[in-house]
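Peer 1: structure for this input, please:
(one chain, ligands or ions: 2)
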Amino acid sequence: MHDPVIMQAAAALDAGQLVAFPTETVYGLGADAENPAAVASIYAAKGRPQDHPVIVHVAPGASLDYWTTGVPPEARQLADAFWPGPLTMILKRAPNIPDAVSGGQDTVGIRCPSHPVAIALLQAFKNGKGGVAAPSANKFGHVSPTTAQHVRDEFGDDPRLAAVLDGGQSEVGIESTIVDLSRLATHGPVLLRPGHISAEAIAAVIDQMPARPDTAAPRASGTLESHYAPHTPVAMQDTATLADTLARLAGAGRKVALIHYSAMPAVHAAVHLPATPEGFAHALYAALRAMDGTGADLILVEAPPQEGAWLGVNDRLRRAAHGSSGIVHGLINNTPAF
Ligand code: TXA
Ligand code: MG
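Peer 2: Ligands and ions are numbered 1, 2, ... in the order given. Below you'll find the model as predicted:
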């Protein structure tokens, strides 16, 4: 593609600048993965600790062997099955990959996104042979962006950001599934972050069910207890008790911003999301951002079902709500919650 906007963005990456771009999961804050200074400026712009590795995004057909080493057949099977798409694989890093990308670990996270604008950028950059290191384009610990406007809201006019490519609203809405294949021989595949591609879908391709992370699993910042969090406290409430809790909060004079999928009484502000895991995930981050701006005392989320298809959504909600336990009780009883 020779779209001038894409060519300019690719040139900015070449010059060591940052470019935000859409992917099918969330927007990324990209830099040339082989330019340590450019990667360092991602960390500076995000306010992210240096030891948190970033994912390398590659064009369709890119060589896994350029970026990684000792590639197991399972990694090639998963790439064939799910790329371009929302799957990140952790593999042993090739010696030419800078430390900055991997946070000093001996592994690298790699993914080929499916959003057409991301693919156009990756194909234009170094003729499709480059890698774009990109975390989600949000300040560290904050909600990931699913629109170009969200990215602009996060970074304002930060001079490090040469461009924000606009590709509309991200389809999937939550970050990619991360599977660790770097210790396959000893630990099997390990699911580091649940997402749209389920553990069952991975197992169907490689005949092995990814395990939940053990303590020796590679660290992932998206696995910190508190992450994906708005500024307003977030709490979850089961459907059965939600209406009663809303009445009590109203009785205590509290302003509630509600994110729900069942019919509920009117409150200060609300977003009604689809009652499917895909529909809920697609709109979740935009809903958290919108409700964060309403001046509510609390963002109350109707807890989704516990079944497997909701694993990614429940994981993000649990982290967004971390540290807010007791908040509902505190707001109802007028005592400080924490
Ligand atoms: O959907 C996504 O994955 C988005 C889009 C932009 O591609 N990216 C994203 O990046 O969510 P980020 O940096 O916000 O989250 C990537 C996660 C982090 O938790 C990071 O610690 C983990 O991937 N990660 C990256 N490289 C890793 C490695 N070598 N070992 C273990 N975890 C790694
Ligand atoms: Mg992130």
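Peer 1: is ligand 1 within reach of stretch 26-35?
Peer 2: Yes. Using C-beta under 6 Å from any ligand atom, stretch 26-35 reaches ligand 1 at 26, 28. Quick note: C-beta positions are derived from backbone N, CA and C, even for glycine.
Peer 1: repeat that for stretch 160-179.
Peer 2: Yes. Under the criterion of C-beta under 6 Å from any ligand atom, stretch 160-179 makes contact with ligand 1 via 175-176, 178.
Peer 1: let me have those residues in a markdown table, adding distance to V19 and pLDDT as columns.
Peer 2: Below are those laid out as a markdown table (distance: C-beta to C-beta, whole Å; pLDDT from 0 to 100):
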| residue | distance to V19 | pLDDT |
| --- | --- | --- |
| E175 | 19 | 98 |
| S176 | 19 | 98 |
| I178 | 23 | 97 |
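Peer 1: right, and H260 touches A275 too?
Peer 2: No. Using C-beta atoms under 8 Å, H260 makes no contact with A275, being 9.4 Å away.
Peer 1: thinking again about what came up before, TSV for the residues of stretch 160-179 next to ligand 1, including secondary structure?
Peer 2: Shown next, in TSV, are the residues of stretch 160-179 next to ligand 1 (DSSP: H, G, I helix; E, B strand; the rest coil):
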residue	secondary structure
E175	coil
S176	coil
I178	strand
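Peer 1: contacts for the helix or strand of the chain with the lowest mean pLDDT next, please.
Peer 2: Within the chain, no helix or strand scores below helix 99-102, which has a mean of 87 by mean pLDDT, DSSP states H and E. By C-beta atoms under 8 Å, 6 or more residues apart in numbering, the residues outside helix 99-102 that reach it are 33, 36, 39-40, 43, 53-54, 56, 93, 108, 133.
Peer 1: and the helices in this structure?
Peer 2: All helices of the chain, identified by DSSP state H, fall at 4-14, 36-46, 64-67, 73-82, 99-102, 116-124, 148-155, 184-187, 199-206, 239-251, 277-292, 311-320, 327-333.
Peer 1: weakest of these in terms of mean pLDDT?
Peer 2: Ranked on mean pLDDT, the bottom entry among the helices of the chain is helix 99-102, at a mean of 87.
Peer 1: list the buried ones in that one?
Peer 2: Across helix 99-102, burial judged by 16 or more other C-beta atoms under 10 Å covers 100-102.
Peer 1: just name the closest of those residues to T241, please.
Peer 2: T241 lies nearest to S102 out of the buried residues of helix 99-102, by C-beta to C-beta, at 44.8 Å.
Peer 1: distance of that closest one from A20?
Peer 2: 22 Å (C-beta to C-beta, to the nearest Å).
Peer 1: swap in D32?
Peer 2: Counting by C-beta to C-beta - D32 and A20 are separated by 14 Å.
Peer 1: that older thread, so which of the buried residues of helix 99-102 reach ligand 1?
Peer 2: Residues of these in contact with ligand 1 (C-beta under 6 Å from any ligand atom): S102.
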